[in-house]
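Trainee: attaching a predicted model along with its sequence, questions to come.
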Amino acid sequence: MAEYTIISHAAELITLKGPKRSRTKSEMSDLAIVKDGAVVVSDGVIVDVGRSDSILREHRSTGTERIDAQHRTVMPGFVDCHTHLVYAGSREFELEQKAKGKGYLDILKEGGGILRTVRDTRQASPESLFHQSAARLRSMISLGTTTIEAKSGYGLDMDTELRILDTVKSLRDRFFSVPVPTFLGAHAIPQEYAGRADDYIEFVASKVLPQVAKRKLADFCDVFCEKGVLTVGQSRKVLLAAKKLGMGLKVHADEFRASGGAELAAEVGAVSADHLVKTSDDGIMAMARKDIVGVLLPGTPYSSMSREYADGRRLIDLGVPIALGTDLSPNCWNESMQFTISLACHKMRMTPAEAITAATINAAAALGMEKRIGSIERGKRADLIVLDVPSHTHVPYRFGTNLCSLVLKDGKRVWEKQAS
């Protein structure tokens, strides 16, 4: 086995070398690109970065595996910091409802949306749930995603929520620790608790959360803080209970209305607030002051046939560190961070460099992992991808095709495009 692996002759080696934290404002435009770059990996860790001529001169050992990037782009693997990876079934029939003008919350009120997927997921066997989710995960890895946040939330009862998180654990064991688990039991009010929302929130906070913590099944707790779903008070109760149990906090915030979700995220010290389509000025400034990552999900309004996207340009200019996620779910079956980056540029006025930053180091910060992944620097895990393009600007420009040719996770090849 080779002692070192060297990837050399990258037209652009996008290192994102910089502060060991999320990037804001003009920092998001600095990709720290090395032309004709090379990176050296040993035991799953990056040990050297530089120009190809000097790297190849310094590492001449016969115990070295060499990968010629052939003047393509090499960059950190994508970090997808917001997904609902584990669920059963599909909701393709909702496309017609959306085309006829029904919104997300309208479909939910009629027992569709999340509640439809809850029924399907509760009925799925553990084996079926694993295999359906694994198929999506394989696709995401092939598209260059090397770390994925995976939420529960399609059980809304004790047994199914735990089964979803057990499935995430099984996927971690099978797929190189790619998924990072989040508990989202407060995703909606299940039909058996109709008219008793506070009782359900009490059940989640006092019964389900302690079991999740006891079994160490989740790193984070998330809530869907939105008018018509959970109030700020209900969301706060779940988040504070999770905080006492040692979990990191996340908030689905202000997707449809300015519901106070961003302000709540700042109040409780969440690592991220996600969606932010309708966030108030006060919420934006509260997040900027607390350095809370704003996770934008442009695939969601796209799949919902909405004309309104989060204003990425404004959020960046006001100092919020911005990350991107696919929001993979039955409502938004988007497995591609490449497509997400393209949407961010075309629909949210982000530049290619900002979108790349948002899909790597800032997305890592949204998972509290910015010191381990998200950039190509000495001492970080070797999560790397080779893109069959000469420049990062091609990623948002050439949407609708997979630009990846090689994916490394912890220095190991986990996907490679077959030669034609």
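Mentor: Arrived safely, thanks for sending.
Trainee: from here on, just use CA atoms for contacts and neighbour counts.
Mentor: Noted.
Trainee: how far away from the center of its chain is stretch 388-395?
Mentor: Centroid displacement of stretch 388-395 relative to its chain, using C-alpha atoms, centre = their mean, to the nearest Å, is 21 Å.
Trainee: likewise stretch 36-48?
Mentor: Per C-alpha atoms, centre = their mean, the centroid offset for stretch 36-48 relative to its chain is 25 Å.
Trainee: next, the buried residues of that stretch.
Mentor: For stretch 36-48, the buried set under the neighbour-count rule, 16 or more other C-alpha atoms under 10 Å, comprises 36, 37, 38, 39, 40, 41, 42, 44, 45, 46, 47, 48.
Trainee: what's the closest non-adjacent residue to residue 285?
Mentor: Leaving aside its sequence neighbours, residue 285 sits nearest to residue 318 (C-alpha to C-alpha, 6 or more residues apart in numbering; 7.4 Å).
Trainee: which two of the buried residues of stretch 36-48 have the greatest separation?
Mentor: 36 and 44 (22.3 Å; C-alpha to C-alpha).
Trainee: which helices and strands does the helix or strand where residue 149 lies pack with?
Mentor: Using DSSP states H and E, residue 149 falls within strand 145-151. Applying 3 or more C-alpha pairs under 8 Å, 6 or more residues apart in numbering; DSSP states H and E, we find strand 145-151 packed against strand 78-80, strand 179-186, strand 404-409.
Trainee: and the ones you listed, which is most packed in?
Mentor: Highest mean neighbour count among the helices and strands packed on strand 145-151 (mean count of other C-alpha atoms under 10 Å): strand 78-80, with a mean of 33.
Trainee: so who does the residue nearest to residue 285 touch?
Mentor: 25, 284, 285, 288 (C-alpha atoms under 8 Å, 6 or more residues apart in numbering).
Trainee: one more time with 10 Å
Mentor: By C-alpha atoms under 10 Å, 6 or more residues apart in numbering, the residues touching residue 318 are 24, 25, 281, 284, 285, 287, 288, 312.
Trainee: likewise residue 234?
Mentor: With C-alpha under 10 Å, 6+ apart, residue 234 has these contacts: 186, 197, 198, 200, 201, 202, 205, 223, 224, 225.
Trainee: again, 7 Å this time
Mentor: residue 201 (C-alpha atoms under 7 Å, 6 or more residues apart in numbering).
Trainee: how far away is residue 227 from residue 328?
Mentor: 22 Å (C-alpha to C-alpha, to the nearest Å).
Trainee: out of the contacts of residue 318, grab the one that's most surrounded.
Mentor: The residue in those with the most neighbours, by other C-alpha atoms under 10 Å, is residue 287 (29 neighbours).
Trainee: for the nearest residue to it once chain neighbours are set aside, give me the pLDDT.
Mentor: In space, and not counting its chain neighbours, residue 287 is closest to residue 266: 5.6 Å by C-alpha to C-alpha, 6+ apart. At residue 266, the pLDDT value in this model is 98.
Trainee: quick check: phi and psi on residue 266?
Mentor: Note on residue 266: backbone dihedrals following degrees, to the nearest 10 are phi -70, psi -40.
Trainee: which of the residues in the lowest-mean-pLDDT helix or strand in the chain are buried?
Mentor: Using mean pLDDT, DSSP states H and E, the weakest-scoring helix or strand in the chain turns out to be helix 104-109, at a mean of 78. Within helix 104-109, the residues scored as buried using 16+ other C-alpha under 10 Å are 104, 105, 107, 108.
Trainee: give me the next element, helix or strand, following that helix.
Mentor: helix 114-123.
Trainee: give the buried residues for that following helix.
Mentor: So for helix 114-123, counting by 16+ other C-alpha under 10 Å, buried means 114, 115, 116, 117, 118, 119, 120, 121, 122.
Trainee: list the contacts of whichever helix or strand comes after that helix.
Mentor: Scanning forward in sequence from helix 114-123 by DSSP H and E, the next helix or strand is helix 126-142. Identification of contacts with helix 126-142 by C-alpha under 7 Å, 6+ apart yields 85, 86, 87, 88, 167, 171, 335, 336, 415.
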